[in-house]
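> Structure of the sequence below:
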Amino acid sequence: MTAHREVWITGIGLLTCLGEGLEANWRHLDRGDPPPYDDKNFAPYIVHPLAPVNFDKQIPKKSDQRQMEPWQRIGVYAAGLALADAGVAGNAELLDRTDMIVAAGGGERDIAADSAILTGLRKIEARGAFLNERLMSDLRPTLFLAQLPNLLAGNISIVHGVVGSSRTFLGEEAAGVDAVRIAHARIAAGQSELTLVGGAYNAARWDVLLIFEEAGVLLKGGFAPVGERGPHGGLVLGNVGAFLVLESRDHAQSRGARPHGRLAAVYSDRNKRAPGDVEATLRRQWDAVSAKLDRAHAAVVSGAAGLEPATAAEEAVLKDIGLPVRHTGTYIGHALEAQFIANLGLACAMLEHGKLSAPAGTADRGSSPEAMSQVVVTGVGNWRGEGLALVERAT
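Next up, the predicted model:
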């Protein structure tokens, strides 16, 4: 993909277990403090909980907060941080022209209703009829409607006044990659000047842990960094809200906006995950970006999920390439739709500070390149969906 116009990242909103805002996250990564995780409340599973946050600061109306589930509050809050960071928040003239692309999951379940139904099913022979009856009577239509993923975009529009075009993507990690890819392509092609793009994930919930447990992919038996989770690997899910404001260079300069970085390229792909597929896909993406790289001043932020054999396949590619690598999932967990977007923000922090974060685990290797000017961000889905982006120091 050839970009016709430069695309700058002028706003970053991050909400993770490390804290609120880009600098709070960077300080934790820079110090190399132990990753915050909870292995008690959802034992035997491990999650990266959300850092303490006062949602009133970005969602002032209690009535708005009440009609959102936690994942939506996380996303709306992170979106507000990004808009404020870009100098767009509260500017009606800019917000009227701000497009929005949101990558989100399908919402949260009514745990009490689910538990009552599952308990009742054990005592009933006509399970089909019982299930239909309880679903009709126990699930409120308003609850269902509030869980639609496009409601996150709607709530951002209501709370923050973003009223340009709106798109919502659904589909785990690939949705986050494609949200950024399309936002970048539209700005590069002159179809948009200013776009808010992001996603959110709430991992501290039994329903989503049950879903991943059924697939047998959750890490159990003690926390370990990405790349050190044994022959089968394992997910440690994380609470993450991540939004970026992308903007054409000319538009940003016309209003005096400062860039965090330049988004030079974004690639996305899928494969069947047959043996060798992940490695072949990632090598194809690297071939596409390699001509843009100044290897002496470049590094990698990996979005590997921690599952095998996909994580090992990416590791094989990264070893061959030979650039310094950091795996941020060790610190913030894996947040599906929001993961790739969060890593783009963290890559910008590394470029702005001129160094990589402290290593965490044996998969993190290499020291910060001298005068680091480029970071390649990868994404390897827990099931399918591979992505790669090049972020550069903006001048």
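
> quick one, helices of the stretch 201-350 of the chain?
Using DSSP state H, counting those that start in this stretch, the helices of the stretch 201-350 of the chain run over 206-214, 249-254, 277-290, 310-321, 329-332, 339-353.

> For residue 237, which of these is the nearest?
With Cβ to Cβ as the criterion, residue 237 lies closest to helix 206-214 of those, at 7.0 Å. C-betas here are computed from N, CA, C, even on glycine.

> same for the closest one, what does it pack against?
helix 111-121, strand 237-238 (3 or more Cβ pairs under 8 Å, 6 or more residues apart in numbering; DSSP states H and E).

> which residues make contact with it from outside it?
By Cβ atoms under 8 Å, 6 or more residues apart in numbering, the residues outside helix 206-214 that reach it are 42, 45, 47, 108-109, 111, 114, 202-203, 218, 235, 237, 382.

> can you rerun that using 10 Å?
Here helix 206-214 makes contact (Cβ atoms under 10 Å, 6 or more residues apart in numbering) with 41-42, 44-47, 71, 105-111, 114-115, 201-203, 205, 217-218, 220, 234-235, 237, 334, 336, 382.

> Tell me the helices and strands packed up against the helix or strand hosting residue 101.
Under the criterion of DSSP states H and E, residue 101 resides in strand 99-103. On a contact count with 3 or more Cβ pairs under 10 Å, 6 or more residues apart in numbering; DSSP states H and E, strand 99-103 meets helix 70-85, helix 150-160, strand 166-169, helix 172-188, strand 194-201, strand 240-248, helix 339-353.

> Ignoring the adjacent residues along the chain, who's closest to residue 47?
Closest residue in space to residue 47, ignoring its immediate chain neighbours: residue 203 at 4.6 Å, by Cβ to Cβ, 6 or more residues apart in numbering.

> residues in contact with the one you found?
17, 38, 42, 45-50, 71, 209, 212, 235-240, 333-336.

> Show me where the stretch 101-250 of the chain dips below the pLDDT cut-off.
Within the stretch 101-250 of the chain, the ranges that satisfy pLDDT under 70 run 107-109, 140-148.

> if I look at residue 342, how far off is residue 13?
In this view, residue 342 and residue 13 are 10 Å apart by Cβ to Cβ, to the nearest Å.

> and for these two, which residues touch both?
Shared contacts of residue 342 and residue 13, defined by Cβ under 10 Å, 6+ apart, are found at 78, 198, 241-244.

> out of those, which are buried?
Among these, the ones that count as buried by 16 or more other Cβ atoms under 10 Å are 78, 198, 241-244.

> Quick check: the farthest pair among those residues?
241 and 244 (11.7 Å).

> residues contacting residue 316?
By Cβ under 10 Å, 6+ apart, the contact set of residue 316 is 278-279, 282-283, 309.

> One more: residue 306?
217, 219, 224-230, 233-236, 327, 329-330, 333-334, 363, 380, 382.

> In space, what's closest to it - neighbours in sequence excluded?
Nearest in space to residue 306, with sequence neighbours left out and distances taken as Cβ to Cβ, 6+ apart, is residue 226 at 4.6 Å.

> Then residue 65?
residue 59 (5.2 Å).

> I'd guessed the one you found sits against residue 159; true?
Yes: assessed by Cβ atoms under 10 Å, residue 59 is found in contact with residue 159 at 5.6 Å.

> Pull up the overlap in contacts between these two.
Going by Cβ under 10 Å, 6+ apart, residues that sit against residue 59 and also against residue 159 are 65, 68, 73, 76-77, 80.

> what's the neighbour count on residue 137?
Residue 137: 9 surrounding residues under other Cβ atoms under 10 Å.

> Could you shift the numbering so residue one becomes 144, and keep it that way?
Happy to do that; since the first residue is 144 now, the last one works out to residue 280.

> Show me what counts as buried in whatever helix or strand it lives in.
Residue 280 belongs to helix 270-281 when assigned by DSSP H and E. The neighbour-count check on helix 270-281 (16+ other Cβ under 10 Å) flags residue 277 as buried.

> residues making contact with that helix?
Taking Cβ under 10 Å, 6+ apart as the rule, helix 270-281 contacts 253, 255-257, 259-261, 263-264, 266-267, 269.

> so which of the residues you listed comes closest to residue 331?
Set against residue 331, the nearest of these by Cβ to Cβ is residue 253 (42.5 Å).

> on that earlier part again, make JSON lines from the shared contacts of residue 202 and residue 302 and add distance to residue 281, pLDDT and neighbour count to it.
JSON lines is the format used below for these (distance: Cβ to Cβ, whole Å; pLDDT from 0 to 100; neighbours: other Cβ atoms under 10 Å):
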{"residue": "208", "distance to residue 281": "24", "pLDDT": "93", "neighbour count": "17"}
{"residue": "211", "distance to residue 281": "21", "pLDDT": "89", "neighbour count": "20"}
{"residue": "216", "distance to residue 281": "24", "pLDDT": "96", "neighbour count": "25"}
{"residue": "219", "distance to residue 281": "27", "pLDDT": "97", "neighbour count": "27"}
{"residue": "220", "distance to residue 281": "30", "pLDDT": "98", "neighbour count": "27"}
{"residue": "223", "distance to residue 281": "34", "pLDDT": "98", "neighbour count": "23"}
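
> Just put these in TSV and tack on distance to residue 457.
Formatted as TSV, these follow (distance: Cβ to Cβ, whole Å):
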residue	distance to residue 457
208	38
211	35
216	32
219	32
220	31
223	33
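
> Go through those and name the one nearest residue 147.
Among the shared contacts of residue 202 and residue 302, and counting by Cβ to Cβ, the member closest to residue 147 is residue 223, at 30.7 Å.

> which residue sits closest to that closest one in space, ignoring its chain neighbours?
residue 201 (3.5 Å).
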